[in-house]
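> Got a sequence here, can you model it:
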Amino acid sequence: MLKRISGMILLMTSMQAEAASANIVVVLPPSYEASSDPQARASGGLLVGMLESHINKKAQKQIDQFQSELADPTFAERVGKSFACIGSEQVSADCPPAMLLTDATGDAVQKLRQSNLQHVLLIRLHPLKTEERIRMRAIVNDAVVGANGLQVTRYFTAVFESRAPGADPKASAAYWTEGSPSRLAREVDKGIEELRQMLTLLDREVTPGGSAPASWATLANTDGLKQAGRLKCGGAGCGKHRVVRDAGDRAWLTTLYAQGPTLYGWSIVSLDDATARRYSNIMLPVQTTDQ
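Just a heads-up that it's a prediction; the model follows:
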């Protein structure tokens with residue numbers, strides 16, 4: 001396992017030049033709100049569709065809860081600084097700044113088109129919170145910006161999730177407020193950095209055309225985690241789960257579905273033990289706001 005982690009670090013170091021070729025564009029709430037301007041919707045085309053994707057009433061409620069309970073006005077800025085260094089071994093002031101879009105959808109479309117950017121990694125961040133868990137999901141479209149919108153060449157997703165132990169809502173609420181800074185704030189900081197690392201790995205390994213990253217075929221399956229009582233999984237896809245990294249109390253998992261990537265592309269999910277012991281399939285945090 002140590003050999004695998006060391007190899008990942010070397011791999012991430014080698015990505016710096018490749019990721020620098022694309023401009024990082026991060027879309028955060030409230031940009032997920034559906035545009036009420038028909039003209040903006042019509043002119044935005046594919047970009048508007050991506051910005052509005054998968055934001056329903058349940059998701060918006062969880063986004064609002066995340067923002068309210070975290071209560072951190074620097075969250076967007078910190079995400080921008082971290083994600084600007086996708087492709088680097090660590091966050092540095094030398095990374096070209098990311099473009100942050102935090103306005104209404106129509107404005108986000110207009111700003112991107114006026115930016116004169118030609119090649120972007122467009123990252124839609126869904127920060128979700130319930131009483132029991134936090135989920136930070138980053139959906140990426142690698143795209144060329146043209147007169148008719150975006151031409152997407154690759155897409156992939158990273159998810160970070162932490163869950164309160166037990167099922168008592170009152171105990172869960174207290175769990176997130178423990179400490180100073182709070183456990184919620186500490187987990188969010190950890191999540192921002194892990195998302196950056198996972199997106200760095202995905203940016204390196206996911207190629208155009210939809211094929212699974214070649215190196216994933218050598219990853220270990222999840223039998224060891226199951227035997228240790230650290231992972232619950234049921235369903236046809238579970239036999240395809242693979243371990244990207246095992247940190248002892250948190251594991252990065254992916255799934256090599258024979259039929260190709262999931263709805264949001266090839267994905268890596270970082271799950272703490274409380275989450276991994278609960279889920280029956282790791283694609284739930286990738287594709288839903290539930291669970």
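> Can you get me the centre-to-centre distance for stretch 186-193 and its chain?
12 Å (Cα atoms, centre = their mean, to the nearest Å).
> just stretch 198-207 next, same as before
That offset, for stretch 198-207, works out to 12 Å (Cα atoms, centre = their mean).
> List the buried residues in it.
198-206 (16 or more other Cβ atoms under 10 Å). Quick note: C-beta positions are derived from backbone N, CA and C, even for glycine.
> Out of those, the closest to residue 117 would be?
residue 203 (16.7 Å; Cβ to Cβ).
> can you tell me how far the closest one sits from residue 140?
Relative to residue 140, residue 203 is positioned 8 Å away (Cβ to Cβ, to the nearest Å).
> Find residues that contact each of those two.
Common contact partners of residue 203 and residue 140 (Cβ atoms under 8 Å, 6 or more residues apart in numbering): 121, 156.
> mind listing what's buried in the helix or strand encompassing residue 123?
Here residue 123, judged by DSSP states H and E, is contained in strand 119-129. For strand 119-129, a neighbour-count test (16+ other Cβ under 10 Å) marks 120-129 as buried.
> Which elements pack onto that strand?
strand 23-27, helix 46-52, helix 57-70, helix 75-83, strand 133-146, helix 183-205 (3 or more Cβ pairs under 8 Å, 6 or more residues apart in numbering; DSSP states H and E).
> Could you please name the strands the next helix or strand after the last one pairs with and the direction of each pair?
Read in the C-terminal direction, the helix or strand following helix 183-205 is strand 220-221, with elements assigned using DSSP H and E. Strand 220-221 has the following strand partners under DSSP bridges: strand 241-246 (antiparallel).
> quick check: mean pLDDT across the strand it pairs with?
For strand 241-246, the mean pLDDT works out to 95.
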